[in-house]
Each structure stands twice: as structure tokens, then as C-alpha cells.
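Colleague: Give me a 3D structure for the following:
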Amino acid sequence: MPKQAPLPRFALTTTYEGIVNVLPVQIGIGEYRSGEQEPAPQKTDVRALWDTGAQGSVITRQLAVDLGLVSIGKKRVYGATGNDMRDKYLVNIFLPSGVGYPGIMVTECEDLVGGFQALIGMDIIASGDFALTSKDGKTILTFQVPSTHHLDFYGEINRQSEQLRRNKTNRGARQAYEAAHRKKKRK
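Modeller: This next block holds a predicted model:
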């Protein structure tokens with residue numbers, strides 16, 4: 001069986017000033033046309049929001065109208081205030097890194113607070129590695145596809161603690177050995 005070529009890697013990093021609780025990103029969205037292998041180059045730049053609480057990606061009704069999208073049916077969506085049947089569409093989504101997601105099914109919502117026109121949901125986020133840090137008073141979001149490794153802060157802390165414990169034990173043994181060696185030299 002021939003060896004498959006590795007998937008191309010794409011990554012993006014966004015640094016936000018200060019600690020933020022909203023993760024905006026500028027993306028491109030375009031109409032998906034069936035049968036295309038790659039996303040069509042026609043796209044509209046929109047202000048979106050990374051949303052790990054959304055199972056799927058979402059666009060506003062106004063954006064669907066502006067893009068001239070035709071609904072492919074309805075989907076039941078669940079939110080904090082209940083559930084509803086909403087139109088769904090197939091679109092191409094382009095992240096800032098240039099990686100395109102062709103034929104992503106999105107559902108529509110009436111409006112999004114803050115002037116956002118789309119949510120990037122777990123359908124896209126889970127396709128790669130997504131991390132958020134808040135060191136030195138700055139929020140940094142980084143994302144890559146495909147996924148290449150696991151992040152485990154708990155495991156990392158435990159490994160570091162174990163290494164420190166071993167170093168202290170080794171240091172104590174070394175100090176005892178050196179003290180005994182000094183005593184032998186004096187004799």
C-alpha cells in the first residue's frame with residue numbers, strides 16, 4: 001500500500017491586548033458550489049467570533065442574505081434560551097492563515113451581539129489543535145490543522161514536579177557522597 005503524503009499544516013496565532021473574554025477573528029465566507037474540490041476564491045470578509053460553546057458554526061441571517069445563500073433545509077439548534085428550527089447553508093470558510101474549509105454546514109441566527117456576523121464553532125475548532133494562554137497580561141490564541149499532538153498542562157506540571165523531586169534526591173545523594181569522599185581524603 002503506497003504511503004500517503006502528509007497533510008499540509010496551517011497555523012495561526014492571534015495576540016490580543018490584555019486579558020479578553022471575547023475572541024474575535026476576521027474570516028472569509030463564500031458560497032459553496034457542489035463538486036468543487038477547493039473553496040471558490042470569491043469570499044466576503046466578515047467579523048467572526050471563536051466559540052467553543054457552539055457545536056457548529058453560525059452566520060447571521062443578514063449575512064446569508066448579503067451572500068445570496070439558498071437554504072438547504074432546516075436544523076434544530078439549541079441555545080441557552082431554548083431551541084428553534086433554523087435555516088442551514090453550505091459555505092466555504094477561510095481562516096486568516098489561508099486554510100479553507102469547503103462545504104461547511106452553518107446555521108443562521110437572527111443577530112450576534114457586538115457586530116459579529118459569524119461564529120466559528122467546534123465543527124472547525126475540533127479539526128485541529130486550539131489553545132489559549134493568558135501569560136503576562138495578554139491573551140494569545142493559537143490554532144493549527146491538522147492536529148499534531150496533545151496538550152496536557154496537568155501532566156506537564158506533574159512531570160516537572162517529579163523531575164524536581166528526583167533532582168533534589170540526586171542532589172542529596174551527591175552531597176552525601178561528596179561529604180564521605182572528603183572524609184576519606186582527610187584520613
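
Colleague: okay, CA-based contacts and neighbour counts for the rest of this
Modeller: OK.

Colleague: With just CA atoms, put the longest strand seen in the chain into CSV.
Modeller: The strand that spans the most residues within the chain, counting by DSSP state E, is strand 82-94. C-alpha atoms of strand 82-94 as CSV (Å, rounded to 0.1, in the frame of the first residue of the first chain):
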residue,chain,number,x,y,z
GLY,A,82,-34.1,27.2,24.3
ASN,A,83,-34.2,25.6,20.9
ASP,A,84,-35.5,26.6,17.5
MET,A,85,-35.6,25.4,13.8
ARG,A,86,-33.2,27.4,11.7
ASP,A,87,-32.2,27.6,8.1
LYS,A,88,-28.9,25.9,7.2
TYR,A,89,-26.5,26.6,4.4
LEU,A,90,-23.3,25.2,2.9
VAL,A,91,-20.5,27.8,2.8
ASN,A,92,-16.7,28.0,2.3
ILE,A,93,-14.9,29.4,5.4
PHE,A,94,-11.4,30.9,5.1
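
Colleague: partner strands of that strand, parallel or antiparallel?
Modeller: strand 24-31 (antiparallel), strand 73-79 (antiparallel), strand 100-109 (antiparallel) (DSSP bridges).

Colleague: Arg166 is nearest to which of those?
Modeller: Minimum separation from Arg166 across the strands paired with strand 82-94 (C-alpha to C-alpha) falls at strand 24-31, 43.7 Å.

Colleague: For the next helix or strand after that closest one, give me every contacting residue.
Modeller: Taking DSSP states H and E as the definition, the helix or strand that follows strand 24-31 towards the C-terminus is strand 44-50. Strand 44-50 is contacted from outside by 22-30, 67, 115-121, using C-alpha atoms under 8 Å, 6 or more residues apart in numbering.

Colleague: And these, which of them are buried?
Modeller: Neighbour-count burial (16 or more other C-alpha atoms under 10 Å) applied to those gives 23-25, 27-30, 116-121.

Colleague: Out of these, which one has the weakest pLDDT?
Modeller: Scanning those for pLDDT, the low point is Gly30. It has 92.

Colleague: Among the buried ones among the contacts of strand 44-50, list the two that are farthest apart in space.
Modeller: The most distant members of the buried ones among the contacts of strand 44-50, if one measures by C-alpha to C-alpha, are Leu23 and Gly30, lying 21.6 Å apart.
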